[in-house]
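Engineer: A predicted structure for the sequence below; I have some questions about it.
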Amino acid sequence: MNPYIMSILMCNLALGTIITAASYHWFLAWVGLELNTLAIIPILAKHHHPRATEAATKYFIIQATASSIILFSSIINAWHTGTWDITQLTTQPAPTMLLIALAMKLGLAPMHFWLPEVMQGTDMTTAFIIATWQKLPP
């Protein structure tokens, strides 16, 4: 992969993390998480191997599902509270759905089915990024 493209993708990873960490609004937190997901997909698929393509596809499907659950949870919360503020998570289905979605994004114990398979399909540097940097924003 071209070093310029790789540096742009790594900057997008950092920018997505910063946006997510600095947001007080559910939509901006979701945008930061999506920026991280969209920046890591080309890094996962940079090797032209079926295992790398499979890992990138699995990662995209799981992360897109978790992101849609986060967005749905925030919409339910905004509907009940009238605000998109992150600190106003009071309605009961919203925190539960958010917890499930964050467990999927992080690869925590009940939702960890995708993480070993994605790690096996990538090289060591990409697996290190997935295991460390991608866990910061959620």
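Structural biologist: It's in.

Engineer: how about the helices in this protein?
Structural biologist: 3-22, 26-44, 50-81, 93-106, 115-120, 124-131 (DSSP state H).

Engineer: wait, residue 54 sits on residue 121?
Structural biologist: Yes: when contacts are counted by Cβ atoms under 8 Å, residue 54 is listed as touching residue 121 (5.6 Å). Where C-beta positions appear, they are placed from N, C-alpha and C, glycine not excepted.

Engineer: out of those two, which sits in the busier spot?
Structural biologist: Legend: neighbour count by other Cβ atoms under 10 Å for residue 54 and residue 121, higher for residue 121 (23 against 16).

Engineer: surely the more buried one meets residue 45?
Structural biologist: No: using Cβ under 8 Å as the test, residue 121 is too far from residue 45 to be in contact (9.6 Å).

Engineer: which residues are common contacts for these two?
Structural biologist: By Cβ atoms under 8 Å, 6 or more residues apart in numbering, residue 121 and residue 45 have these common neighbours: 52, 55-56.

Engineer: with that, I have no additional questions.
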